[in-house]
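>>> sequence below, structure please.
(chains A and B)
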Amino acid sequence: MYMFKYVSKRLGLMLFTFFIIFTMCFVLIKLLPIPTNALPGQDPEIVMKTLEGRGWITNIREGENGVWYYDRVPIFIQFGTYIKRIVTQGDFGIVTTYGEYLNMNIWQVFVSHLPPTILINIYSTLIGVPIGLGLGILAALKKNKWQDQVINIFIILLISVPSIVLALMIQYVFCFKLGWFPLTMSTSDEYFTWEVFRSMLPAVFALCLGSIAGYARYTRAELSEVLTGEFMLLARTKGLTKKQAILHHAMRNSMVVIFPSILSEFISVLSGSLIIEKMFGINGVGGLYLNSITFQDYDFFMLLSGFYTLVSLTAGIVIDISYGFIDPRIRMGAK
Amino acid sequence: MDINNIPAEKFQFATRTDLYHDSKFETKPVSYFQGAFRRFCKNKGAVVGGVVITILVLFAIIAPFFTPFQPVYYDMVYAYVTPKAKLFANSNIDFWDGCRVKNTSKVGYLKDLALAKETGREVIKNGEYTISEDGSNYTYRYDTYYGVGFGKYKIISPEEFNDIQRYQNETGRQVLYPVVKFSDRPTLEKNKYDANIYYKVENPNVSTLRPKLDKNGDIIPNYWTYEEGDFSGLMAEYNSLRIEGENGFEKDGKQHYYVYGRKVDGGIEVRAEYYEYYIYQHNEVLKDGIKEPLFLFGTTQTGKDIFACLAYGARFSFIFATVVAIANFIVGVIWGSISGYFGGKIDLFMERIAEILGAIPTIIVITLLKYHMGTASQVLVLFIAFFLTGWIGMAGRTRMQFYRFKNQEYVLAARTLGARDARIMFKHIFPNGLGTIVTSFALVIPGMIYSETSFTYLGIINLEAGNITSVGTLIAAGQQSIMANAGYVAFFPCMFLVLMMLSFNLFGNGLRDAFNPSLRGTED
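Presented below is the predicted three-dimensional model:
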C-alpha cells in the first residue's frame, strides 16, 4: 500500500512538471508570429483556411494584392482546442512547413520514424550492458591488478573522448578507410534485413562505447565496495565457494544500484542521440526534430519536444521507483 | 640491540632542564588550501592535465594574434589544401609539407607534370613517382598548393593588368603567363576556361584531354604568338617579364612574341598563376597581412583556414564557458545557500522550481530562444540557454554543503553570539564548502564547451555570422570532408576537443581528491 502511494505521488509530480513545461512551450510558441506564407505551389487561401480550421486564427478576410488579414485566437483558447483534439482524437496536427511531409498527419510521420531510433538504441543497449557489466565485474574482482588497470585506462579514455569524436573516428576508420560498413544508414524500410542491420552497426558501436564505459565504471565502484563488506567474509566462512559468494551475495547487492540505471536506459532508447543520428544519417526521430526546428514547423516541434521531455522525465522517475521495488530494505524501511 | 643486556650506563636521569612540556611546533602550520595544493601536486595525472589546459588556453589566447587569417576569410580556390608547416615544407620529410598522396592515371600525371614544367614548381614532390605494374596508375606526392596552378582564366581590369606588370617588374616574380588563343582551346565548355591547359591536346573535343607529346615525350605548348609588328587589337599591351626571356623567340628568321592578355568584354583575360597571384593580391591590393598561402592546419571544403578557425573557436569557447560558469556559480551559490540554510517550506518551493527548470531539455530552450530572438544574437541565445538551466547543478551542490554544516556546533555558537543569517551563511558555512564547490566549477567548464560544440555541430546554433566560429562547426565541416579523403579537417578540432576533455577530467578529479582527501578514489 505504501509503495502504491509513493508511486502515485511521484507519478503525479512528474505529470505536473510535464504539464508545466508543455504549457510553457506552447505559450512561447504561440507568442511567435504565425507562419502564414504559402509555400510554392500552395494556395494561400487553403493555408489560411487550414490555420483557421485548426483553431489558431479566426475571422480571415482577403485584402488587396493577395494580402490576408486575420485575428488571432487568445492563446489559452488555442491551448484548450489543442489539448481537446489530442485527448479526443489523438490528433497532434498536420505538417505545415516541413516540405517533405507537407499536409501529412504529424503523429503518423512521427511514428513512422520511431523504429530506426529505437532499434539502434536497443542494439546498443543489448551490446553495451553485458560488456560493460562484464568489464566492471572483472575490474572489481581483479582490483589493483593489471587487468583492472587496463580496464581503468580504457574507461577513462572512453569517458573523456567525447561521443562526437568517437563517432567520427568510427565513421572515418571503419566506414571510409576500411569500407566495412556504408557511411550512412540505409534508408530502406525493411529493418530486419542484413543490409540494413550492417548499415546500422557503426552507429550502434558509437552509441554503446559510451554506455560500456559508464556501466563498467559504475559496476566496478559498486562491486568493489560490496566485496569489502563483512557479510562476504561470513558467506565464505560458512563454506560457500568464492564463485557462489560473489554470484549470490555480492552481485545481487551491487545490482540494487546498477539495475535501475539499466532500466532507465531502456526507457531512454526511445529518444536516442541527436548527434549520432545526424552523423550516421539515421532516418529517425532526431533528424525529424532537427528539421522541424529548421523549418519552424511549430506543431511538429511541440509534439517532439513533449516526447523528449516525457522520455527524460520517465527515465528519471523509473530509477527512483525501481529502487523501492528491487531493494527490500528500502521498501521495508519506508513503512 | 639485545634488549636483555642494555648496558647500565645508557640509563640516565632526565634532568629538569630536559623537560619541555609545551614546545612550539618546529614546522609551519599548513592551511587547508596549502594542504590541498600539496596533495594536488602529488597527483601526476592532475598536474599533467593542468599543464595541458594551460597550453590550450594559451593557444586560444595567443594564436589569434599570430595568424593573419580570420574565421570569415575563405578562398574557394585553395579549398582542401593540406596542412603545411614552413619547417617541414623545405625538408625532404613527407610530413606536414602541404602535399598529399595522389593516385592517378597517366593523363593526370602528365597534367601535373606540364604544370610543373611551365611554372617551375614542385607540383610533384621531388619529381618522384611510382608506376603500378600494368603502367596505368601513377602514385606520387602531390603539392596541393602548387597543384592549383592557374585555375580558371581570370578576367581582370586593365588597371589591375598594368599594376601586375609593375609588380612583376619591381619584384621579378612571374605572375602572368602566356594565354592560349581562344580558337585553339579545347571545345568543351568546362575545358575552354581551364587555364591549366596551355599545351596541345590529342583530341580537343572530348572530355578527358590527353596531352599531345612530341618525339621526346615532351609537352608541346600551344601559346598564342604573334610576329613582330603584327600586333592585333585583341591582344593586350604587355611590357613585363616574359617566360622565354625578355626578347621573345626566333622563328623562320623573324621575332615572335607570346600574348599575355586577351581583351574581352569587361577587361583582360589572363592566365595568372594562382600562387603568385595570391601573394600579389594580398600584399599589394588587400594589404591584410597575409604574406603567402600557407595554412598550418590546412583548409576546409570552402577554403577556410582551419588554424584560425580553431584558434578563434577555442578562444570563444573558453571565454564563453568561463563567463557562463561564473554567472552560474554566482546564482547557484546564492540560490543553493538560501535553499539549504533556511530549509523547510522555502527549500521545498525552491527545489520544485529548480526541478521543473532542470527537466526542460536544453535543446528546447535554445530553439525557443532562437525563434524569439532571431538569428542575429546567437551568442546571447546560447548564453541565456546555458544560464537558465546551468546554475541548478551548482545550487544543488551548495545546498548539500549547507545541509552538512548548518547544524554543527560552531554554527550554533555563532548564532548564540548574535551573528546574523547572512554572516553565518557566508562567513561560517560557505568557506567550509568552498573546496567542493570550486571543484565542481572546474568540472562544469568542459561540459559547457562540449554542449556548445554539440549544438553548433547539430547546426541549431550557427556562430559563423559574427566573425566567430566554433569547434562544433569545424567538426561538422570535417565530417563532410571525410568523403573527400581530407581527414585532417576533422583531425585538429577533434584533437583539441579530446585533449581538453581529457585534461579537464584529470585536472578536476585531482582537484576533488585534493580538496576532499576522504573521497579519494571513489567515483564521482
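
>>> what does the stretch 201-335 of chain A have sitting close to chain B?
Selection of the stretch 201-335 of chain A residues close to chain B by CB under 8 Å from any CB of the partner chain yields A:217-218, A:220-221, A:274-275, A:278-279, A:289-290, A:293-294, A:296, A:301, A:305, A:308-309, A:312-313, A:316. Heads up, the C-betas are built off the backbone N, CA and C, glycines and all.

>>> can you select the buried ones from the residues you listed in PyMOL?
Below is the selection syntax for PyMOL that covers the buried ones among these, with 16 or more other CB atoms under 10 Å in any protein chain shown defining burial:
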select buried, chain A and resi 217+218+220+221+274+275+278+279+289+290+293+296+301+305+308+309+312+313+316
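
>>> which residues does the residue nearest to residue B:384 when sequence neighbours are not counted contact?
Excluding its sequence neighbours, the residue lying closest to residue B:384 (CB to CB, 6 or more residues apart in numbering or on different chains) is residue B:369, at 5.8 Å. Contacts were defined as CB atoms under 8 Å, 6 or more residues apart in numbering or on different chains; by that measure residue B:369 touches B:381, B:384, B:385.

>>> got the contact list for residue B:207?
The contact partners of residue B:207, taken as CB under 8 Å, 6+ apart, are B:188, B:190, B:191.

>>> can I get stretch B:79-99 in PDB? Just the C-alpha atoms.
These are the backbone C-alpha positions of stretch B:79-99, laid out as PDB (Å, rounded to 0.1, in the frame of the first residue of the first chain):
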ATOM      1  CA  ALA B  79      39.900  24.500 -50.800                       C
ATOM      2  CA  TYR B  80      41.100  21.200 -49.200                       C
ATOM      3  CA  VAL B  81      44.700  22.400 -49.200                       C
ATOM      4  CA  THR B  82      46.600  20.100 -46.800                       C
ATOM      5  CA  PRO B  83      48.400  21.300 -43.700                       C
ATOM      6  CA  LYS B  84      51.800  22.800 -44.400                       C
ATOM      7  CA  ALA B  85      54.400  24.000 -41.900                       C
ATOM      8  CA  LYS B  86      57.400  26.000 -43.000                       C
ATOM      9  CA  LEU B  87      59.700  23.700 -41.000                       C
ATOM     10  CA  PHE B  88      58.800  20.600 -43.000                       C
ATOM     11  CA  ALA B  89      57.900  22.200 -46.400                       C
ATOM     12  CA  ASN B  90      61.500  22.600 -47.400                       C
ATOM     13  CA  SER B  91      62.800  19.400 -45.900                       C
ATOM     14  CA  ASN B  92      62.600  16.000 -47.500                       C
ATOM     15  CA  ILE B  93      60.300  14.500 -44.900                       C
ATOM     16  CA  ASP B  94      57.000  13.500 -46.300                       C
ATOM     17  CA  PHE B  95      55.000  15.100 -43.500                       C
ATOM     18  CA  TRP B  96      53.200  18.300 -42.900                       C
ATOM     19  CA  ASP B  97      54.500  19.600 -46.200                       C
ATOM     20  CA  GLY B  98      51.300  20.600 -47.900                       C
ATOM     21  CA  CYS B  99      51.300  17.500 -50.100                       C
END
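
>>> what's in contact with that stretch?
Outside stretch B:79-99, the residues that touch it by CB under 8 Å, 6+ apart are B:100, B:125-126, B:141-145, B:148, B:293-303, B:306, B:481, B:484, B:486, B:488-489.

>>> how about the stretch 351-500 of chain B: which residue is closest to chain A?
The shortest separation between the stretch 351-500 of chain B and chain A is 4.4 Å, found at residue B:494 (distances taken as CB to the nearest CB).

>>> run a quick neighbour tally on that residue.
Other residues near residue B:494 number 23, with proximity taken as other CB atoms under 10 Å in any protein chain shown.

>>> what do you get for residue A:147?
14.

>>> contacts only, for it.
When the contact criterion is CB under 8 Å, 6+ apart, the partners of residue A:147 are A:138, A:139.
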